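Participant: Here is the input, now give the coordinates:
(2 chains)
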Amino acid sequence: GAVVSQHPSRVICKSGTSVKIECRSLDFQATTMFWYRQFPKQSLMLMATSNEGSKATYEQGVEKDKFLINHASLTLSTLTVTSAHPEDSSFYICSAMDRYGYTFGSGTRLTVV
Amino acid sequence: QKEVEQNSGPLSVPEGAIASLNCTYSDRGSQSFFWYRQYSGKSPELIMSIYSNGDKEDGRFTAQLNKASQYVSLLIRDSQPSDSATYLCAVRKGNYGGSQGNLIFGKGTKLSVKP
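Facilitator: Coordinates of the predicted model:
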């Protein structure tokens, strides 16, 4: 089946620094990638949709200047959390559409201290 | 009204029993429905997808869809302790603004299978 590789799996950063999360589709071309965030005991909330070669579409309430998304190729999408603060600590998950459905990355646990 | 609603549980069943998980959705235009299993600290993994009214069986799992009632369910037969996880119902919306094709998730139902 399709595989989406996401890393890092876990990152701890200091408040005010930036963190980049990468998602790669390993055996298919992902023209569309979805980025979700999940807080403890909550469901996955869509943050943004990225399409290869174009600007990402952000959900209402998500700061596009804080969560920078780049989808420069058909196999790579990145999410950069800029000037991270403790309230950005969460589980970030990417998902790509392939011919079988939706494939999820393994997730990134971000802790901002 | 929330777009996708699930009973948060926890739902506790004995090993070998049938676990029944339910989900309702608000958008009548929804076309695709998915059940995901999520273990603590892990990303969701797809169990089943269903697109047409009726039942769809895959091993111990049966998904049921009733579009008229806007209801989708998942039955797990012969439940095992390894089935203990949070089960997420997800619905795909039609073309909608800039979020074409994304999934809308329910909050999930936590299932506990007791040995």
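
Participant: Wait, residue B:39 touches residue B:83, no?
Facilitator: No - checked against C-beta atoms under 8 Å, the pair residue B:39 and residue B:83 is beyond contact range at 10.4 Å. Where you see a C-beta, it was placed from the backbone N, CA and C, and this is true even at glycine.

Participant: more neighbours, these two?
Facilitator: Legend: neighbour count by other C-beta atoms under 10 Å in any protein chain shown for residue B:39 and residue B:83, higher for residue B:83 (19 against 12).

Participant: which one is the more buried one nearest to, not counting chain neighbours?
Facilitator: Leaving aside its sequence neighbours, residue B:83 sits nearest to residue B:113 (C-beta to C-beta, 6 or more residues apart in numbering or on different chains; 5.1 Å).

Participant: Residue 47 sits in which helix or strand?
Facilitator: If you meant another chain, say so; for now it's chain A. Assigned by DSSP states H and E, residue A:47 belongs to strand A:45-51.

Participant: Wait, chain B was what I had in mind.
Facilitator: strand B:45-50.

Participant: which is the next helix or strand following that strand?
Facilitator: strand B:54-58.

Participant: what about that following strand, near chain A?
Facilitator: No - Strand B:54-58 does not reach chain A (C-beta under 8 Å from any C-beta of the partner chain); its nearest approach is 13.5 Å.

Participant: Can you pull up the residues of chain B that come close to chain A?
Facilitator: B:34, B:41-46, B:49, B:88, B:97-108.

Participant: of those residues, buried ones?
Facilitator: B:34, B:43-44, B:46, B:49, B:88, B:99, B:102-108 (16 or more other C-beta atoms under 10 Å in any protein chain shown).

Participant: a strand runs through the residue nearest to residue B:83, doesn't it?
Facilitator: Yes - if the criterion is DSSP: H, G, I helix; E, B strand; the rest coil, then residue B:113 is within a strand.

Participant: The strand holding residue A:47: which residues count as buried?
Facilitator: For strand A:45-51, by 16+ other C-beta under 10 Å, it's A:46-51.

Participant: Now pLDDT and distance to residue B:76 too, for those, in TSV please.
Facilitator: What follows is those, written out as TSV (pLDDT from 0 to 100; distance: C-beta to C-beta, whole Å):
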residue	pLDDT	distance to residue B:76
A:46	92	27
A:47	95	31
A:48	94	33
A:49	91	32
A:50	89	34
A:51	86	36
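
Participant: I'd like these written out as TSV, with distance to residue A:66 added.
Facilitator: Shown next, in TSV, are these (distance: C-beta to C-beta, whole Å):
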residue	distance to residue A:66
A:46	16
A:47	10
A:48	11
A:49	17
A:50	15
A:51	20
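
Participant: out of the residues you listed, who's near chain B?
Facilitator: Near chain B, by the rule C-beta under 8 Å from any C-beta, you find A:46, A:49 out of the buried residues of strand A:45-51.

Participant: Residue ranges in chain A under the pLDDT threshold?
Facilitator: Along chain A, the parts satisfying pLDDT under 70 run over A:99-100.

Participant: how about the strands in it?
Facilitator: Here chain A has its strands, by DSSP state E, at A:4-7, A:10-13, A:19-25, A:32-38, A:45-51, A:57-58, A:67-73, A:76-81, A:90-98, A:101-104, A:108-112.

Participant: Also chain B?
Facilitator: Under DSSP E, chain B gives strands at B:4-6, B:11-14, B:19-25, B:32-38, B:45-50, B:54-58, B:61-66, B:71-76, B:85-92, B:103-105, B:109-114.

Participant: can you count the residues close to the closest residue to chain B within chain A?
Facilitator: Per C-beta to the nearest C-beta, residue A:57 is where chain A lies closest to chain B, at 3.2 Å. Residue A:57 sits with 18 neighbouring residues when counted by other C-beta under 10 Å.
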